[in-house]
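>>> Build me a structure from this.
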Amino acid sequence: MTRYEGEEKMKAPDIETISQELEDAILQMENRNERITSVVGPEPEPAVEESAGGTKIRRQPGKKRVSFLPAGERQKKYRREQRAGFQMGKAGYLDEGLIKPGDAYAAAFLIPVLVMIIIFIQRGIFPFGEESFLRTDMYHQYAPFFSEFQYKLKNGGSLLYSWDVGLGVNFAALYAYYLASPFNWLLILCPKSLIIEFMTYLIVIKIGLAGLSQTYYLRKHFNCQSFGAAFFGIFYALSGYMAAYSWNIMWLDCIVLFPLILLGLERLVKQGRWGMYCICLGLSILSNYYISIMICIYMVLYFIALLIMEKRKTLKEYGKTFLRFCLSSLGAGGFAAAVLVPEVMALQSTASGSSTFPKTFSSYFSIIDMISRHMGNVEVEIGLDHWPNIYCGVAVLIFFLLYLVCRKISVREKVVSCSLLLFFYLSFSVNVLNFIWHGFHYPNSLPCRQSFIYICLLLTMCFHAYRKLDSIPWKHRILAFWGAVAFVLIAEQTVTDDAFHFIVFYVAVFFLALYAGLMYLHQKGVNRNVLVLLALGLVSVEAAINTTVTSVTTTSRTAYTQDNDDVRELVENGIPKNTFYRVEKISRKTKNDGAWMNFPSVSLFSSVANADLSDWFRQMGCESSTNAYSITGSTPLVNSLLSVRYALYSEIPHESSLLTFLAESGETYLYENAYTLPLGFMLPELLESEFYTDSGTPAEVQNQLASFLGCSPVLTDAWGEVNSQSFRFTPDRDGEYYVYVINKAIEEVTVNTGEESRTFEHVNRGYFLELGWLPAGQEVLVTCSGDEILDARAYRFEEDALGEVYEALKDGGLTVTRWQDTRIEGTVQAAEAGTMFTSIPYDEGWTVLVDGSPVTGRKVLNAFLGFDVPQGAHSVTLTYFPPGLTAGLILSGASILCIGAAFGVSHFYRKKSGAYDGADGYDETAASDEGWLDEDLDTDLDIDLDFGLDEDFGYEAYPDEEIPSDLDRKSERRTER
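As a prediction, the model looks like this:
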């Protein structure tokens, strides 16, 4: 009977208690003259005695290494470990040497960071040159949106609405989609001139944090101090997913948090400790709801997997665990509701808000093609093909096979883990699963956005095999190596994708051979520090080569920023601030130049783009797509309707009666457009009720609008001749000319006007090709490549007709007297009661007051905000508040209170019962050394000191079998009490 039996109130055993139990057990064994032995492998060296952390290890030639640990020495050794802060039992013992326990975290963070910085130096990325890491959406969207966010933070702007993004946008929704990472608030400390560098090096830091997070997860998941976890953390940070998508800064917080969410879920299932899971998942949803959708899907799958692999749970315990999981997940969603709810509401008006579930099943590629992408130096896929970017070190081809044959890993775990891997293969390859994983929407390029989860799962499995390597016979390791090589050679013959250069296969075999060489050196007993450094170097070099070859493309930083100062000067000093008009930059870098330089604009490229507005732009002859609309292709009539009064040119335009020069700065010129209508004006009843923007070609639509106003056509036909792949016309008088390509199968055309030649891309989007001012008699030739017939029309814009339209609409215009981000104030003199049209995108968040009384706003011309105005003089006030924000704030507040209360109650009862364990202490049961499934330990006290590969690479001396099952169960019973 131990001293705990019969006590009325039990406290959780402390480490000294457990130490005493272990000492007593060992003393009993010693009294029976028992010794504890451990087999490590053949040792060919002569008999010598070595000291390993105070333990004498005798090596004999031709025999196996034996460790003698009398009880007294073991107790002293154990207490030394505790004083050093190391864990005993399943946590493992770390020997003194060149590599220390904490170095794993430092390596996992610093190696990826250093690799990225070295690549930046080699590529000449600022400040090491004049290039920048602005790639795809980072160039077109993230840099402008970061600039607008920084401008608002520094100038006190509202985070609810912005006039600088498109015609006006719900900034709360844009923030939730692009800017919600807590790191981004550091922009308030960043000067405008260094926003690109802020983003670039924040990406580098997040890549390092991803390696650190994965390493932390592996060590806690397996409850060990293995330095080898850093190798797998580095591969997570420099994986193919990161090579393809590291520029996608808005996703990276979720990639960093994902291993912590996994660890939190494991603690929830195994210990009932839900806090880490709830908070980390909440932060993930808060940072980027889109990637968090995929994380939440996997959490459901992983929760089921954990339940399958759990032992000794009753039905009641399963029910409690399920309830904890549901409540914690809801709490995480509620925590992020303040950004999540407004975003969900805003997405209903986007093109992605109306996706159709696929009706048939199809497969994109074979499993061999997919697995082949585990080889390094394969070109990453960020286009419309469906290839997953899943490289995470070629060594996984070996360790996965070792995982399958390792007898110390339970069959149940293997079945569950491999089932998850198979499900991911199907998710990458099958269209329906691909649709579900991406939030019930097919991704517009950037395929398999959930593949980081697959990478984390596979690395966890391979790390488990790595830890058990010494228990795997040498011949099995050799077979695994040759199996991996055989697969590479088969892939060389079967894979035909252009992303695979022939050298890829030979480099893969080369690195496989190097990893096999490391295993051989370990088998021969090479010094552990040497092996660690060799392995770390090999992992770093392989990951660095892959990242260098497949990632970090650059663009000119100088070209992106060269006119910033000139534009800022003209916007701040050349445009009046007392009234509201829009500005457009004619020579645009992106569709979001307004956000980049912080002026009210028109064009927009964003996933929160209003679908109705995109349709309106396309029907009026401007460029648009599912997530963008642009002033490209606009006529002076469209500019007038949208209140575009000012234009910024990088070259002096041809003299025109429609343009008035205002100012210049450097090589940037500011002009004022003639006939610009105000932000709001009275709309004739006939125009509202009978004008349809989908009534024909854009020229017909604009002429119809003029006709309803009793005006002349604004676009007249300049007759031309179609001849197969060419279209030719000759202007009969001077003027502004446009060409419209009717055949939507044509994507690119070339326009020749005398000695000048211009190429227009994406003409299938249905926008006018702006040819500019042409003199009479100047022949124009439009050509296309391919076999398509170039069916096109040419038009001349009539300036006099525009003047007629302006005169018909200018009376009854809204005179803006004051404007802010979320508020417009003005006056109107209505000749008669009617509808006021505003060039503000329709949004349910707008509240309209006429003379202080609420008026219902409605959608007019299919896309814009309109409202009724009585006859006479009136004051008009428009205010904006994002739909769903109030409900989201209430949900977030309530969730935070509930989470706080739950923590308080949990703290109270744990303190009352004395049931506290150290977060990383001896009783840590989040995951055993055996992975997800706690295997039954030996019931006797035969402690197996398996000095395996983890000892050589990670200095572990105590595997899972060390703590006998009877003592383990006693400890669990006391903790429950």
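>>> average pLDDT for stretch 111-118?
Average pLDDT, stretch 111-118: 98.
>>> same check, this time on stretch 545-557
For stretch 545-557, the mean per-residue pLDDT is 96.
>>> First-to-last residue distance for it?
25 Å (CA to CA, to the nearest Å).
>>> The host helix or strand of residue 894 packs against which elements?
Secondary structure from DSSP states H and E places residue 894 in helix 885-913. Helix 885-913 makes packing contacts with helix 275-287, helix 315-335, helix 337-347 when contacts are defined by 3 or more CB pairs under 8 Å, 6 or more residues apart in numbering; DSSP states H and E. Yep, even glycine has a C-beta here, placed from its N, CA and C like the rest.
>>> In a markdown table, list those helices along with mean neighbour count, mean pLDDT and distance to residue 840.
Formatted as a markdown table, these follow (neighbours: other CB atoms under 10 Å; pLDDT from 0 to 100; distance: least, CB to CB, whole Å):
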| stretch | mean neighbour count | mean pLDDT | distance to residue 840 |
| --- | --- | --- | --- |
| helix 275-287 | 24 | 97 | 29 |
| helix 315-335 | 17 | 94 | 32 |
| helix 337-347 | 23 | 94 | 15 |
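>>> mind checking which of the ones you listed is nearest residue 235?
Among those, helix 275-287 comes nearest to residue 235, with 21.4 Å by CB to CB.
>>> Check which element follows the closest one along the chain.
helix 289-309.
>>> Averaged pLDDT, that following helix. What do you get?
Here helix 289-309 scores 96 as its mean pLDDT.
>>> What residues sit buried inside it?
289-299, 302-303, 305-306, 309 (16 or more other CB atoms under 10 Å).
>>> by contact count, what packs against that helix?
By 3+ CB pairs under 8 Å, 6+ apart, helix 289-309 packs against helix 252-271, helix 275-287, helix 315-335, helix 337-347, helix 411-429, helix 431-437, helix 451-467.
>>> Any chance of JSON lines for the ones you listed, columns distance to residue 166?
Putting the helices and strands packed on helix 289-309 into JSON lines (distance: least, CB to CB, whole Å) gives the following:
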{"stretch": "helix 252-271", "distance to residue 166": "26"}
{"stretch": "helix 275-287", "distance to residue 166": "24"}
{"stretch": "helix 315-335", "distance to residue 166": "29"}
{"stretch": "helix 337-347", "distance to residue 166": "13"}
{"stretch": "helix 411-429", "distance to residue 166": "34"}
{"stretch": "helix 431-437", "distance to residue 166": "28"}
{"stretch": "helix 451-467", "distance to residue 166": "31"}
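>>> For residue 356, find the nearest of these.
Of all the helices and strands packed on helix 289-309, helix 431-437 comes closest under CB to CB, at 9.5 Å.
>>> Which strands or helices does the closest one pack on?
On a contact count with 3+ CB pairs under 8 Å, 6+ apart, helix 431-437 meets helix 289-309, helix 411-429.
>>> Go through it and flag the buried ones.
Here helix 431-437 shows 433, 434, 435, 436, 437 as buried, counting by 16+ other CB under 10 Å.
>>> Make JSON lines out of those and add distance to residue 137.
Conversion of the buried residues of helix 431-437 to JSON lines gives the following (distance: CB to CB, whole Å):
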{"residue": "433", "distance to residue 137": "25"}
{"residue": "434", "distance to residue 137": "20"}
{"residue": "435", "distance to residue 137": "21"}
{"residue": "436", "distance to residue 137": "23"}
{"residue": "437", "distance to residue 137": "20"}
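>>> Among those residues, which one lies nearest to residue 379?
Out of the buried residues of helix 431-437, the member with the shortest distance to residue 379 (by CB to CB) is residue 434, at 20.6 Å.
>>> Not counting sequence-adjacent ones, nearest residue to that closest one?
residue 427 (6.5 Å; CB to CB, 6 or more residues apart in numbering).
>>> which residues make contact with stretch 645-653 from outside it?
With contact meaning CB atoms under 8 Å, 6 or more residues apart in numbering, stretch 645-653 is reached by 563, 567, 570, 574-575, 581-587, 659, 662, 667-673, 676, 772.
>>> Okay, and residue 576 sits in which element?
Remark: residue 576 resides in no helix or strand, with elements defined by DSSP H and E.
>>> residues of stretch 477-491 that come out buried?
477, 480, 481, 483, 484, 485, 487, 488, 491.
>>> got a list of contacts for stretch 429-441?
For stretch 429-441, the external contacting residues (CB under 8 Å, 6+ apart) are 290, 293-294, 297, 352, 355, 357-358, 360-365, 367, 370, 386, 426-428, 442, 447-450.
>>> quick one on the thing from earlier: can I get the helices and strands packed on helix 885-913 in TSV with distance to residue 883?
As requested, the helices and strands packed on helix 885-913 are arranged in TSV below (distance: least, CB to CB, whole Å):
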stretch	distance to residue 883
helix 275-287	19
helix 315-335	18
helix 337-347	5
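>>> pLDDT value on the closest residue to residue 775 other than its chain neighbours, please?
With sequence-adjacent residues excluded and distances taken as CB to CB, 6+ apart, residue 775 is closest to residue 734, at 5.3 Å. On pLDDT, residue 734 comes in at 94.
>>> For residue 734, list the residues it contacts.
Listed by CB under 8 Å, 6+ apart, the contact set of residue 734 reads 773, 774, 775, 776.
>>> So which of those residues are in strands?
Judged by DSSP state E, the subset of the contacts of residue 734 located in strands is 773, 774.
>>> filter the contacts of residue 734 to the buried ones?
residue 774.
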